[in-house]
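J.: I'll drop the sequence and a predicted model, then ask my questions.
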2 protein chains.
Amino acid sequence: MAAPSRKPDVFQAIADPTRRQLLSMLGEREMPVTVISCHFPMSRTAVSKHLRILAEAGLVKERKVGRETRYRLEPEPLLELKRWLAYYERYWDNKLLALQRFVEGDETDGTISLITPDEDGTRSAE
Amino acid sequence: MAAPSRKPDVFQAIADPTRRQLLSMLGEREMPVTVISCHFPMSRTAVSKHLRILAEAGLVKERKVGRETRYRLEPEPLLELKRWLAYYERYWDNKLLALQRFVEGDETDGTISLITPDEDGTRSAE
DNA sequence: ATTATATGAAACCAAAAGGTTTCATGTCAA
DNA sequence: TTGACATGAAACCTTTTGGTTTCATATAAT
């Protein structure tokens, strides 16, 4: 599944509210562009561009049917997000957090590196 | 870049790889700007601006200590992301997905709306 | 065949994002 | 007090983003 170019990653793709709305809309059923776009206060072309960004991030798939192109949700890339988020679960346990702060004491220089997720949350592909 | 009048939401905040790296760095320990910025290939001022964006999204907190300002992770806003993501868990079950497609049959007009999360994943407050 | 529909590509534009450099201010150290 | 450090604010620049309008092409319908 290697796609190492500069395609927009999932973090970028879901940053835009319009695109999040598109995802929720396309989860239920496959839809053609014209139908999709009538739910948005912008031109069909603009929606089409958002769909392209989602497609490049792997979050939607297109399928040609006659003269229309239908899009549907492809949730798999969200797993990367889930994985990224999972790392931070440990901070939601306040007790652990408090303990950690206590153990750290008063240190200030900040040069150590404990376990971290991929530095920027971008795993090449697998 | 500047902070627009509207606060950046968490989706926006984590869209940038530098900011994700900042989060993972600040999870382990509180750190002052100068120390943080020496890990990045950009100016201290640029890092400072990223920190501001994270702070406005509630993802980091500042604390003044003498002449330095220390930042640390504040994971709570990630819960919104987790909540958003949770909706899509249902699509990761391929069997459910297949069943759904079968039930939908051949319909094409796409005007129905089944349950969806907040349309754009932005809940005012909670 | 002709016309209407569905869509993407292209050219263009304003605003936002990400970065830089310079300057002002507050705090620590001699 | 004087000077060095830590930081944020301001002004500025370039690239990206999100949108528009127009045009070309493929399919469908009459």
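T.: Received, thanks.
J.: can you give me the helices for chain A?
T.: A:10-13, A:17-28, A:33-37, A:44-56, A:78-92, A:94-104 (DSSP state H).
J.: identify the residues contacting A:Gly58.
T.: A:3, A:10, A:74, A:76-77 (Cβ atoms under 8 Å, 6 or more residues apart in numbering or on different chains). For every residue, glycine as well, the C-beta is placed using N, CA and C.
J.: could you do A:Tyr71 as well?
T.: A:26, A:30-33, A:36, A:51, A:54-55, A:60-63 are the contacts of A:Tyr71 under Cβ under 8 Å, 6+ apart.
J.: quick one: average pLDDT of stretch A:42-55?
T.: Computed over stretch A:42-55, the mean pLDDT rounds to 98.
J.: ok, it near DNA strand D or not?
T.: Yes. Legend: contact between stretch A:42-55 and DNA strand D by Cβ under 7 Å from any atom of the strand is shown at A:42-43, A:45-46, A:49-50, A:53.
J.: can you give me the buried ones in that stretch?
T.: A:47, A:50-51, A:53-55 (16 or more other Cβ atoms under 10 Å in any protein chain shown).
J.: could you flag which of the contacts of A:Tyr71 are buried?
T.: A:26, A:30-33, A:36, A:51, A:54-55, A:60, A:62.
J.: where does chain A have low pLDDT?
T.: Along chain A, segments meeting pLDDT under 70 span A:1-7, A:94-126.
J.: DNA strand D contacts on that one?
T.: Residues of chain A lying near DNA strand D (Cβ under 7 Å from any atom of the strand): A:8, A:12, A:15-16, A:18, A:42-43, A:45-46, A:49-50, A:53, A:66-67.
J.: and DNA strand C, which of those contact it?
T.: Checking those against DNA strand C (Cβ under 7 Å from any atom of the strand), the matches are A:45, A:67.
J.: how much space separates the residue of chain A found nearest DNA strand D from A:Glu74?
T.: Using Cβ to the nearest atom of the strand, the single residue of chain A nearest to DNA strand D is A:Gly66, 2.6 Å away. Note on A:Gly66: its distance to A:Glu74, by Cβ to Cβ, to the nearest Å, is 22 Å.
J.: more neighbours: which of those two?
T.: A count of neighbours by other Cβ atoms under 10 Å in any protein chain shown puts A:Glu74 above the other of A:Gly66 and A:Glu74, at 18 against 7.
J.: tell me the contacts of the more buried one?
T.: Applying Cβ under 8 Å, 6+ apart, the residues near A:Glu74 are A:58-61.
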